[in-house]
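Asks: sequence first, then the predicted structure:
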Amino acid sequence: MKDKFFKYIHELQDTISSKLEAIDGKAKFKEDVWERPEGGGGRTRVIENGNVFEKGGVNVSGVHGKLPESMQTYFGVEDADFFACGLSLVLHPNNPMIPTVHANWRYFEMYDKEGCIVDQWFGGGQDLTPYYLFEDDAKHFHQTCKTACDYHNTDFYKKYKARCDAYFYNTHRNEGRGIGGLFFDYCKTSEDMNMQNWYDFVTEVGDSFLEAYAPIVEKRKDLPFTKTQRDWQEIRRGRYVEFNLVHDKGTLFGLKTNGRIESILMSLPPRVQWVYDHHPTAGSEEEKLINILQNPVDWV
């Protein structure tokens, strides 16, 4: 399973990278192939200073070795080895009318002293973080997520949409990071789903990413915007940074397993503002967004 999924995410990285370069029309991805001293490595691709994308990354990694003590305690195991692979992407557009997007699809195995698999699971999802709310975009993104889920189980979208709203939440701000999408983790063999079923589901979601996001970018990339709107985008990016550094499990896992810092922190935007005690104007489009982030909506 790990070899099949590892091959899949490399192919998906190529597909997504090519499409994003075509949309941008100027910037190209810079690729770094790196190795982890303890085992494994990855292929990091970063795009910067483009016509459309100010910064973004589409990264693949596959790491293995001894599970660090902190993670052994977390999983309640002793002297375990692990393998983890995944594709993680974040895109920060120039135009504040285009939302930031994040996606991740991953697979994990854990082994005993004899090298036998003692646990394995899939995880991942995709979520949207707008700066100005276009309801048509929100509905399109969520409908694409729902369609991908419905091929496998009609209960999945509602379940994983709710988990996304709960997970990507800045508890210290009492607001969501964005308008959600899907989030699933620890997807293991059960009476209803074996690992092949989970592979089919996760790859279905991965294959849906460009359909979910690319039309939004194409529709909004040429819209005019003001400096005030750009400032708002940078203030909201600050909330994005806060979530990734304070709450995100993937970031913390990478740091605790001696992951590649440049790849882990690739998700951080290049220009951010933290304005003291900032509040949007009453009745403004900015306030409309905040209200939605504090009260998640069922978009489909």
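Replies: Structure received.
Asks: packing partners for the longest helix seen in the chain?
Replies: The longest helix of the chain (DSSP state H) is helix 195-220. Taking 3 or more C-beta pairs under 8 Å, 6 or more residues apart in numbering; DSSP states H and E as contact, the helices and strands that helix 195-220 lies on are helix 2-24, strand 81-93, strand 100-111, strand 117-129, helix 135-150, strand 180-187. C-beta: built from backbone N, CA, C; applies to glycine.
Asks: to Arg236, which of the ones you listed lies closest?
Replies: Judged by C-beta to C-beta, the one of the helices and strands packed on helix 195-220 that comes nearest to Arg236 is strand 117-129, at 7.7 Å.
Asks: quick one: that closest one to chain centroid distance?
Replies: Mean C-alpha position of strand 117-129 versus that of the full chain (C-alpha atoms, centre = their mean, to the nearest Å) differs by 10 Å.
Asks: ditto for stretch 233-244
Replies: Counting by C-alpha atoms, centre = their mean, stretch 233-244 is centred 14 Å from the centre of its parent chain.
Asks: buried residues in it?
Replies: When burial is assessed from 16 or more other C-beta atoms under 10 Å, stretch 233-244 yields the following buried residues: 233-237, 239-240, 242-244.
Asks: so the closest residue to Phe201 other than its chain neighbours versus Leu182, what's the distance?
Replies: The spatially closest residue to Phe201, leaving aside those adjacent along the chain, is His152, at 4.5 Å (C-beta to C-beta, 6 or more residues apart in numbering). His152 is 12 Å from Leu182, where distance means C-beta to C-beta, to the nearest Å.
Asks: look at those two and report which has more neighbours.
Replies: Comparing His152 with Leu182 by neighbour count (other C-beta atoms under 10 Å), the higher total belongs to Leu182, at 24 against 17.
Asks: closest to Thr100 out of the buried residues of stretch 233-244?
Replies: Using C-beta to C-beta, Tyr240 is the member of the buried residues of stretch 233-244 that lies nearest Thr100, at 6.6 Å.
Asks: look up the pLDDT of that closest one for me, please.
Replies: At Tyr240 the predicted local distance difference test score is 95.
Asks: circling back to that earlier point, got TSV for the helices and strands packed on helix 195-220, with mean pLDDT too?
Replies: Rendered in TSV, the data for the helices and strands packed on helix 195-220 read as follows (pLDDT from 0 to 100):
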stretch	mean pLDDT
helix 2-24	98
strand 81-93	96
strand 100-111	96
strand 117-129	96
helix 135-150	98
strand 180-187	97
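Asks: tell me which of the ones you listed sits nearest to Pro270.
Replies: Of all those, strand 81-93 sits nearest to Pro270, with 7.4 Å by C-beta to C-beta.
Asks: quick one: strands adjacent to the closest one?
Replies: Here the strand partners of strand 81-93, with direction, are listed using DSSP bridges: strand 53-66 (antiparallel), strand 100-111 (antiparallel).
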